[in-house]
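>>> Fold the following and give me the result.
(one chain, ligands or ions: 1)
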Amino acid sequence: MNRNLALSLVRVTEMAALSAAKYMGRGDKIAADQAAVDGMRKSFELVKVRGTVVIGEGEIDEAPMLYIGEKIGGGTDDDMEVDIAVDPLDGTTLVAKGLPNAIAVIAMAPKGCLLHAPDTYMKKIAVGPKAAGKISLQASVEDNLRAVAKALNKDMSDLTAIVQDRPRHYKMIQEIRRVGARIKLFGDGDVAAAMATCDEDTGIDIFMGIGGAPEGVIAAAAIKCMGGELQAQLYPMSDEEVERCKELGLDMENLDRVLTLEDLAKGNEIYFAATGISDGDLLKGVVYYGDNLAKTHSVVMRAKTGTVRFIDARHRLNKTDIMIDLMKKHR
Ligand code: VTB
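I've put the predicted structure just below:
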């Protein structure tokens, strides 16, 4: 696959972020999400691929754009067919409330290489490169914390776990405290939270918890590019979610099979891009300077080379038709 595709992906997340960030703190998560979808969908025609959305905004009857199965991209017959996994706004509540850590994110791989995750919960554990190979979803919280502390040569009291602040995690949080590690809680956005384990500058060493399965596939694509490890297990928490797994034709006898990075994002032709919407551990949020000038901070990665590029971009919001339309619609 053309390695420059990664850079064209970042335009897509930049547009999503520039649109959605307009809604920061305005209390309307639906409008924020719609703005992100608009930005991502309109700019995707610039990406020369024949894409199929495998993780998106929902089924065709739920989402007008970026629905599962939608054909997107400006590719022609001689361009590659790819799977596209998008979360135009991971953390709608974060944007609506003006909280940190919201990102626009996209992963891309050759057709059939991204797990078509059902819309259910997923149990996940993730670490950065130095602790890759040392974790197990089936091990205890204590065993995982001790294995990672050893791999990172850290005292337990220097180790930091990132956990989503939800009642389903309270028992695990108590266990982490008993073992003696530090905890960083987050409200929403577990793609950014899992990715943070792969950048030592965040000070975050291990991600543990139950979150969205679609977000788990997207995080796996990022972590594969960054050389970390993520293990996951589908974790349907209602009969409706079990039904969704059945409808996708998943092997119900082995639904709780531990999924590795290779199961979630196969091969090394994995591309990933994300742009910060509000300030986060890894990516800074959008800044509007006035006079039609704005700034974005993105990361774009490719598993094949392991190249991780951070891109600080300045955008003239009145220069391109796409941007003019988006800024007119979302203000
Ligand atoms: C999870 C997480 C997402 O929403 O799906 C979470 O993966 C939903 O958790 O990143 P609850 O059902 O407990 O609210 C996000 O945090 C944001 O979409």
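>>> Who are the packing partners of the host helix or strand of Ala17?
Element membership for Ala17 (DSSP states H and E) is helix 5-20. Based on contacts counted as 3 or more C-beta pairs under 8 Å, 6 or more residues apart in numbering; DSSP states H and E, the elements that helix 5-20 packs against are helix 29-44, strand 81-90, strand 103-110, strand 271-276, strand 293-302, strand 307-316, helix 321-329. Every residue, glycine included, has its C-beta placed from N, CA and C.
>>> now do 10 Å
helix 29-44, strand 81-90, helix 92-97, strand 103-110, strand 271-276, strand 293-302, strand 307-316, helix 321-329 (3 or more C-beta pairs under 10 Å, 6 or more residues apart in numbering; DSSP states H and E).
>>> average pLDDT across the first one?
For helix 29-44, the per-residue pLDDT values average out at 95.
>>> quick one: strands adjacent to the helix or strand following it?
Using DSSP H and E, the helix or strand that follows helix 29-44 in sequence is strand 50-55. Using DSSP bridges, strand 50-55 pairs in its sheet with strand 71-72 (antiparallel), strand 81-90 (parallel).
>>> Now do the contacts for Gly25.
Ala32, Val95, Ala96, Lys97, Gly98, Leu99, Ser278 (C-beta atoms under 10 Å, 6 or more residues apart in numbering).
>>> try it again with 8 Å
Val95, Ala96, Lys97, Gly98 (C-beta atoms under 8 Å, 6 or more residues apart in numbering).
>>> what's the neighbour count on the spatially closest residue to Ala273 that is not a sequence neighbour?
Among residues not flanking Ala273 along the chain, Leu9 sits closest, at 4.0 Å (C-beta to C-beta, 6 or more residues apart in numbering). Leu9 has 28 neighbours, counted by other C-beta atoms under 10 Å.
>>> just the one 5 residues further on next, same as before
Glu14 has 25 neighbours, counted by other C-beta under 10 Å.
>>> residues contacting it?
Ser43, Ala104, Thr275, Thr296, Ser298, Ala313, His315.
>>> Could you point out which of those is nearest to the ligand?
Checking these against the ligand with C-beta to the nearest ligand atom, the nearest one is Ala104 at 12.2 Å.
>>> Without its sequence neighbours, what residue ends up closest to the closest one?
Distances taken as C-beta to C-beta, 6+ apart put Ala16 closest to Ala104, at 3.6 Å, once the chain neighbours are dropped.
>>> right, and that neighbour touches Ile103 too?
No: when contacts are counted by C-beta atoms under 8 Å, Ala16 is not listed as touching Ile103 (9.3 Å).
>>> out of those two, which sits in the busier spot?
Ala16 (35 against 31).
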